[in-house]
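Peer 1: no sequence for this one, just the structure:
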């Protein structure tokens, strides 16, 4: 039996982050437009991407995770812009 490689661990952690963020969203512990939710998704997607690139490549899963990460980055940037605009409006 082969040892679990570092990229496998990245994939497991990535899956845990994505599923954990979704659970916390459903449990109303996180907001869908919050930066923690988005960051968990981006880091999760990166972990899964590492497992795909260095392990067994699965192109459909790879493209899904690239898009997943890009959407999360978009969410982080949008959330940051919204907070900055709200802070400027309050002044």
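Peer 2: Right, received. Where do you want to start? It should be emphasised that the depicted structure is a prediction, and the values quoted were computed from it without experimental measurement.
Peer 1: may I see the buried residues of the helix or strand containing residue 79?
Peer 2: Assigned by DSSP states H and E, residue 79 falls within helix 59-90. By 16 or more other Cβ atoms under 10 Å, the buried positions in helix 59-90 come out as 65, 68, 69, 72, 75, 76, 79. From N, CA and C alone the C-beta is placed, and that goes for glycine too.
Peer 1: next, give me the two most distant ones among those.
Peer 2: Using Cβ to Cβ, the buried residues of helix 59-90 span at most 20.8 Å, a distance reached by 65 and 79.
Peer 1: returning to what we had before: just send the buried residues of helix 59-90 back as CSV, with distance to residue 23 too.
Peer 2: Listed next are the buried residues of helix 59-90 as CSV, based on distance: Cβ to Cβ, whole Å:
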residue, distance to residue 23
65, 19
68, 16
69, 20
72, 16
75, 18
76, 20
79, 20
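Peer 1: where in the protein is pLDDT low?
Peer 2: Within the chain, no stretch has pLDDT under 70.
Peer 1: give the contact list for the residue nearest the centre of it.
Peer 2: With distances taken as Cα atoms, centre = their mean, residue 41 lies nearest the centre of the chain, 1.6 Å away. For residue 41, the contact set (Cβ atoms under 8 Å, 6 or more residues apart in numbering) comprises 17, 18, 21, 68, 69, 71, 72, 75.
Peer 1: and those, which is closest to residue 7?
Peer 2: Closest to residue 7, out of all of the contacts of residue 41 and judged by Cβ to Cβ, is residue 17, at 15.3 Å.
Peer 1: and that closest one, how close does it get to residue 48?
Peer 2: 9 Å (Cβ to Cβ, to the nearest Å).
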